[in-house]
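In: take this sequence and fold it.
(chains A and B)
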Number of protein chains: 2
Amino acid sequence: MGFDAGTLVYDDRGLLPVIAQEEGTGEVLMLAWMNAEAVARTIETGRATYWSRSRAEFWIKGETSGHVQELVELRIDCDRDCLLAVVRQVGPACHTNRKTCFYTGIRDGQEVELMKPIA
Amino acid sequence: MGFDAGTLVYDDRGLLPVIAQEEGTGEVLMLAWMNAEAVARTIETGRATYWSRSRAEFWIKGETSGHVQELVELRIDCDRDCLLAVVRQVGPACHTNRKTCFYTGIRDGQEVELMKPIA
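Out: Here you go, the predicted model:
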């Protein structure tokens, strides 16, 4: 039987968290949200398509910036309430122009900037 | 000024998603949830401590199974509403006895088991 996005477990807003990980390096780039339709569109188009909670609309990652995510593989976790998207990331993933959104580390009780924006 | 877990952005349940990633391999192991107190306890103890939504209690990962996660570094994303925990994982991370919770891939429209439980 084929995969059906409706069989995943969504929260009370109809969303589940999706971790984007870069193919090859394994670097975790960002976390965003999908509803069932976004999951289906991502698989159909091969482009990571999220649901923007702030704008309440579909958000094809990189549609305006060009920093798209080409889907390599979508993986489901054991509880079926979270996805891992292995992607080829074009340009920086973060809107701050850094490769990853996780650029702040907590070291010795202080916040430390781990990487600068790409010039 | 020192890091304050209260400055992170939590959802209406007081939680944020935390991605656990294995040090060295970069493998994404699981996603779980923390409240501000769990964030503080994780940093203080060096052991990943989540908030169990189903049991509504703190959950020191591996406390009963022995499959603990020693914290290497906690990172904050650009929106401050998600964390990445780089960890040293003892044993399998998943309760199904697999190394990672993301053991199901979607390939050619079918769900495929990517790894078996550890014998």
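
In: and the helices in chain A, which stretches?
Out: In chain A, the helices defined using DSSP state H lie at A:36-45.

In: mind listing the strands for it?
Out: A:16-22, A:28-34, A:49-52, A:57-60, A:69-76, A:83-89, A:104-107, A:110-113 (DSSP state E).

In: is it possible to export the ones you listed to CSV including mean pLDDT, distance to residue B:38 and mean neighbour count?
Out: Heads up, the C-betas are built off the backbone N, CA and C, glycines and all. Listed next are these as CSV, based on pLDDT from 0 to 100; distance: least, CB to CB, whole Å; neighbours: other CB atoms under 10 Å in any protein chain shown:
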stretch, mean pLDDT, distance to residue B:38, mean neighbour count
strand A:16-22, 98, 17, 23
strand A:28-34, 98, 17, 24
strand A:49-52, 98, 26, 21
strand A:57-60, 97, 29, 15
strand A:69-76, 98, 25, 20
strand A:83-89, 98, 22, 22
strand A:104-107, 98, 14, 18
strand A:110-113, 97, 18, 12
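
In: could you give the number of residues near the residue of chain A found nearest chain B?
Out: Closest to chain B within chain A is residue A:26: 2.8 Å, counting by CB to the nearest CB. Using other CB atoms under 10 Å in any protein chain shown, residue A:26 has 15 neighbouring residues.

In: repeat that for residue A:67.
Out: 16.

In: list the contacts for it?
Out: By CB atoms under 8 Å, 6 or more residues apart in numbering or on different chains, the contact set of residue A:67 is A:61, A:89, A:90, A:91, A:92, A:93.

In: kindly recompute the last result at 6 Å.
Out: Counting by CB atoms under 6 Å, 6 or more residues apart in numbering or on different chains, residue A:67 touches A:90, A:91.

In: got it, and residue A:96?
Out: A:117, B:78.

In: so what's the residue nearest the centre of chain A bridging to?
Out: By CA atoms, centre = their mean, chain A has its centre lying nearest to residue A:20, at 3.8 Å. With DSSP bridges as the criterion, residue A:20 is bridged to residue A:30, residue A:85.

In: pretty sure it contacts residue A:85?
Out: Yes - using CB atoms under 6 Å, residue A:20 is in contact with residue A:85, at 5.0 Å.

In: and the residue of chain A closest to chain B, what are its phi and psi?
Out: Residue A:26 adopts backbone torsions of phi 80, psi 0, taken as degrees, to the nearest 10.

In: and it, what is it in contact with?
Out: By CB under 6 Å, 6+ apart, the contact set of residue A:26 is residue B:26.

In: how close does the closest residue to residue A:116 other than its chain neighbours get to residue A:62?
Out: Of all residues beyond its chain neighbours, the one nearest residue A:116 is residue A:98 (7.3 Å), with distances taken as CB to CB, 6 or more residues apart in numbering or on different chains. Separation of residue A:98 from residue A:62 (CB to CB, to the nearest Å): 15 Å.
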